[in-house]
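Novice: Quick one, what's the 3D model for this:
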Amino acid sequence: MALTARALAELVKGELRGDGAVEVGRIASLDRAGPSDASFLASPKYVAQLSVSNAGVILMTPAFADLPTAAPALISSLYIQQSKGEP
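Specialist: Next up is the predicted model:
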């Protein structure tokens, strides 16, 4: 089942930047994601992978929302931050 970036942003109550019509059908790590995959960034350990990721959509904590990426759509969500146990 594919979801658009817009629908995914609504599900996680996140702020969407970019193309809301991008469709993704699965989740993959930043380094393995392709254009039809969603990925996520919640740790500074993986920031370097952000610039080379081919993910169609990247979900991230608000702390990383202004980092440069080639992804067509970004979703910044506090839910990603809270899932890591951060305040």
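
Novice: show me where this protein has strands.
Specialist: 3-4, 15-18, 23-24, 26-27, 37-41, 57-60, 73-76 (DSSP state E).

Novice: quick one: the longest one to chain centroid distance?
Specialist: Okay, so that is strand 37-41. 4 Å (Cα atoms, centre = their mean, to the nearest Å).

Novice: now it: mean pLDDT?
Specialist: Averaged across strand 37-41, pLDDT comes to 94.

Novice: my guess is Ala65 meets Leu74, correct?
Specialist: Yes: under the criterion of Cβ atoms under 8 Å, Ala65 makes contact with Leu74 at 6.7 Å. Using the backbone N, CA and C atoms, a C-beta is placed for each residue, glycine as well.

Novice: higher neighbour count, the two?
Specialist: Relative neighbour count places Leu74 above the other of Ala65 and Leu74, with 25 against 17, counting by other Cβ atoms under 10 Å.

Novice: so what's the closest residue to that one other than its chain neighbours up against?
Specialist: Using Cβ to Cβ, 6 or more residues apart in numbering and skipping residues adjacent in sequence, the residue nearest Leu74 is Arg17, 4.6 Å away. Going by Cβ atoms under 8 Å, 6 or more residues apart in numbering, Arg17 touches 65, 73-76.

Novice: change it to 10 Å
Specialist: 5, 9, 58, 65-66, 69, 71-76 (Cβ atoms under 10 Å, 6 or more residues apart in numbering).

Novice: so what pLDDT did it get?
Specialist: 94.

Novice: What of the one 5 residues further on?
Specialist: Reading off the per-residue confidence, Val22 sits at a pLDDT of 96.

Novice: can you count the residues close to it?
Specialist: Residues near Val22, counting by other Cβ under 10 Å: 22.

Novice: wait, it sits on Gly34?
Specialist: No: using Cβ atoms under 10 Å, Val22 is not in contact with Gly34, being 12.0 Å away.

Novice: what residues do those two have in common as contacts?
Specialist: Contacts common to Val22 and Gly34, judged by Cβ under 10 Å, 6+ apart, are 55-56.

Novice: residue contacts, Ser39?
Specialist: Counted by Cβ under 10 Å, 6+ apart, Ser39 has contacts 24, 26-33, 46, 49-50, 53-60, 71.
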